[in-house]
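Q: Show me the folded form of this:
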Amino acid sequence: MRCNLLPSTLRPQRAKGFPLLSVAGVSFICKVHLFSYFCGMGIRSVLAKPFAAYIAKETKSWSLNPIQSQQKVFHSLIANGKNTLFGKDHGFEAIQAHSDFIKQVPVRDYEMLKPYVERVLHGEENILWKGKPEYFAKTSGTTSGTKYIPITKDSVPNHINSARNALLSYVHETGNAKFLDGGLIFLSGSPELTEKAGIKTGRLSGIVNHHVPGYLRSNQKPSYTTNCIEDWEEKLDKIIDETIHENMTLISGIPPWAQMYFDRIVAKTGKKIKDVFPNFSMFVYGGVNFEPYRAKLFETIGKEIDSVETYPASEGFIAYQDSQKEEGLLLLLNSGIFFEFIPSEEYFNDKPRRLSIEEVELGRNYAVVINSNAGLWGYSIGDTVKFVSKNPYRIIVSGRIKHFISAFGEHVIGEEVEKAMKQTMEKFPEVKLAEFTVAPNVAPSEGMPHHEWLIEFAHEPNDEIFFAMELDNQLRKLNVYYDDLITGNILRTLRITSLKKNAFIDYMKSQGKLGGQNKVPRLSNDRKIADELVKFAS
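A: Reported below is the predicted structural model:
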């Protein structure tokens, strides 16, 4: 029987991001479709396993040859960048090695790259990359206002295939693919796009939405119309209406917004999520550390489920969790990005070291700098990472290079406050968090300066004073400079300000940043956020 005798929804298609493997594979896939169709099995889960094995083999090949993989990317980038305005301005013709590149191309943030972006926005071609970008990912910068990050035809696969491969890595390792047969929900921003100089422009999540492969669209939620709703609370109610009676098996989103979705379903039904969605078995997340949210999220679900962490950014898809057994995220060394790493303590130096992959060390914090086929050169994305493995190269995201507290020279970073909270909660099992952030209080109305932890508890500690003491002790163990300041009576021990229920949601709503990919920084070196949040104190 030929494949075209099947219903159109069951015919194999060369969907974006899911190429047929070979001519012989067409026959194989037809047989799988027939078998699945007549036996009532899930098509997607059956097809996913052989494709996952193929991707796993490909991933193993490049990940075990990391230096060669990065060198190949580097030389391809330089060859393609020679004829751009940026390449001519920075002498790409003379670049033979990374050491040459460092001399020619400075590390820059968006403000320094902006003059080139502006020329692209005015319709010029061959500025940062050949031709024009396919898209601009529109983001909100804290100092730069709106940022327009180019996504080119060459860089689109980095975003799309990496997300696909994260799930396929899970399928290959665990053998579990059933979640692909049910409803899949992506809690994200609007997919509506506008145009700038003839270039489609929108949020990254919206751009990616247009590239969801055809084999997943039939079970994707929410609907396009609902996804276009800008008001997050209205959108969330519509999403619930569309999903509450469906067989939802995979849910993806930033943990606090997934929690909000779950809470509203529980309020509406009076049931745990596992009873509303009995086949829900996969949570995909990124953007924040999952640990502070894990306990409450799983309590609301009613059981623990598998999860896959991803590390996407508008500037590029950096890494994803490739194993349920190993710590960290697999750094994508063959996906159009050449990485550089600056030791975080050197980042603000005049001439910090810029290390390639073979020069990094385990356990040290590095600021991430990328060079990519999107036309980003020496671009600091603002994140810090720490390597936990070099065979293959796996990382954890440790914070933001500009998100720290150093009002008195303590230089406390995001990784430290999150680890201090995690270790403290292990000693207070009754405690569950909704959200928290930390800021210095340099000139309190009374008493000595201190760090203020603004916490929204889902379940409060039985004794908040002892909880605060333990939290302070854990932070002192993690940061010797903070410990010295406490010991030397420069700072007093931290103070907790408990916030009322939904305080962070109400704050984000007041800032016009509720939902989507927006999140509150884990810590700040000023009180702009803290002074707004204290208005929601319980």
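Q: can you tell me the helix or strand for the residue lying closest to R476 once chain neighbours are set aside?
A: Leaving aside its sequence neighbours, R476 sits nearest to D483 (Cβ to Cβ, 6 or more residues apart in numbering; 4.0 Å). Heads up, the C-betas are built off the backbone N, CA and C, glycines and all. If you go by DSSP states H and E, D483 is part of helix 480-487.
Q: State the distance from the residue nearest to R476 to I370.
A: 35 Å (Cβ to Cβ, to the nearest Å).
Q: The lengthiest helix in the chain: which residues count as buried?
A: Ranked by number of residues, the top helix in the chain under DSSP state H is helix 43-63. Buried positions in helix 43-63, judged by neighbour count with 16 or more other Cβ atoms under 10 Å: 43-49, 51-52, 55-56, 59, 62-63.
Q: V308: which of those is nearest?
A: A52 (12.8 Å; Cβ to Cβ).
Q: tell me the pLDDT at the closest one?
A: pLDDT recorded at A52 is 93.
Q: Kindly reformat the buried residues of helix 43-63 as JSON lines containing distance to K196.
A: Converted to JSON lines, the buried residues of helix 43-63 look like this (distance: Cβ to Cβ, whole Å):
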{"residue": "I43", "distance to K196": "39"}
{"residue": "R44", "distance to K196": "36"}
{"residue": "S45", "distance to K196": "40"}
{"residue": "V46", "distance to K196": "42"}
{"residue": "L47", "distance to K196": "38"}
{"residue": "A48", "distance to K196": "37"}
{"residue": "K49", "distance to K196": "42"}
{"residue": "F51", "distance to K196": "36"}
{"residue": "A52", "distance to K196": "38"}
{"residue": "I55", "distance to K196": "34"}
{"residue": "A56", "distance to K196": "39"}
{"residue": "T59", "distance to K196": "35"}
{"residue": "W62", "distance to K196": "34"}
{"residue": "S63", "distance to K196": "37"}
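Q: ok, so of the residues you listed, who is nearest G91?
A: Nearest to G91 among the buried residues of helix 43-63, with distances taken as Cβ to Cβ, is W62, at 29.5 Å.
Q: Could you pull up the residues touching the closest one?
A: Residues near W62 by Cβ atoms under 8 Å, 6 or more residues apart in numbering: S69, L333, N334.
Q: rewinding a little: need the residues that contact whichever helix or strand comes after the longest helix of the chain.
A: Next helix or strand after helix 43-63 toward the C-terminus (DSSP H and E): helix 66-81. Residues outside helix 66-81 that contact it (Cβ under 8 Å, 6+ apart) are 62-63, 87, 92, 95, 98, 101, 129-130, 154, 333-339, 356-358, 371-373, 375, 377, 392-393.
Q: Next, the buried residues of helix 66-81.
A: For helix 66-81, the neighbour count (16+ other Cβ under 10 Å) marks P66, S69, Q70, Q71, V73, F74, L77, I78, N80, G81 as buried.
Q: okay, the fifth one: pLDDT?
A: So the one you mean is V73. 97.
Q: what's the answer for the last one, then?
A: At G81 the predicted local confidence, pLDDT, stands at 96.
Q: repeat for the second one
A: In the predicted model, S69 carries a pLDDT score of 97.
Q: for the first one, same thing?
A: We have a pLDDT of 97 for P66.
Q: secondary structure element for K200?
A: Using DSSP H and E, K200 falls in strand 199-202.
Q: Quick one: classify E358 as helix, strand or coil.
A: helix (DSSP: H, G, I helix; E, B strand; the rest coil).
Q: ok, which stretches of the stretch 251-400 of the chain are helices?
A: 255-269, 273-276, 291-301 (DSSP state H, counting those that start in this stretch).
Q: So for I185, which of these sits nearest?
A: Using Cβ to Cβ, these put helix 255-269 closest to I185, at 8.3 Å.
Q: helices and strands around the closest one, which ones?
A: helix 232-243, helix 273-276, strand 282-286, helix 291-301, strand 432-441 (3 or more Cβ pairs under 8 Å, 6 or more residues apart in numbering; DSSP states H and E).
Q: Reformat these as TSV; add distance to D383.
A: Formatted as TSV, these follow (distance: least, Cβ to Cβ, whole Å):
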stretch	distance to D383
helix 232-243	25
helix 273-276	31
strand 282-286	12
helix 291-301	17
strand 432-441	18
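Q: could I get those as TSV with mean neighbour count?
A: As requested, these are exported to TSV (neighbours: other Cβ atoms under 10 Å):
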stretch	mean neighbour count
helix 232-243	18
helix 273-276	19
strand 282-286	23
helix 291-301	19
strand 432-441	22
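Q: V480 - how many residues pack around it?
A: 10 (other Cβ atoms under 10 Å).
Q: any weak-confidence spans in the stretch 101-250 of the chain?
A: In the prediction, the stretch 101-250 of the chain carries residues with pLDDT under 70 at positions 140-145, 214-216.
Q: Give me the distance from the longest helix of the chain to the chain's centre.
A: 22 Å (Cα atoms, centre = their mean, to the nearest Å).
Q: Need the CA coordinates for it. CSV is fine.
A: Extracted in CSV, the C-alpha atoms of helix 43-63 (Å, rounded to 0.1, in the frame of the first residue of the first chain):
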residue,chain,number,x,y,z
ILE,A,43,2.7,7.7,15.4
ARG,A,44,4.9,10.3,16.9
SER,A,45,6.3,8.1,19.7
VAL,A,46,7.0,5.3,17.2
LEU,A,47,8.8,7.6,14.7
ALA,A,48,10.7,9.4,17.4
LYS,A,49,12.8,6.5,18.6
PRO,A,50,14.7,5.7,15.4
PHE,A,51,15.2,9.4,14.8
ALA,A,52,16.4,9.9,18.4
ALA,A,53,19.0,7.2,17.9
TYR,A,54,20.2,8.9,14.8
ILE,A,55,20.5,12.3,16.6
ALA,A,56,22.2,10.6,19.6
LYS,A,57,24.8,9.1,17.3
GLU,A,58,25.4,12.5,15.6
THR,A,59,25.6,14.3,19.0
LYS,A,60,28.1,11.8,20.3
SER,A,61,30.3,12.3,17.2
TRP,A,62,30.7,16.1,17.6
SER,A,63,30.6,16.2,21.4
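Q: Could you check how far E134 is from L193?
A: Applying Cβ to Cβ to E134 and L193 gives a distance of 11 Å.
Q: Need the contact partners of stretch 85-92.
A: Contacts for stretch 85-92 (Cβ under 8 Å, 6+ apart): 78, 81-82, 93, 104-105, 116, 119, 124, 126-128, 375, 377.
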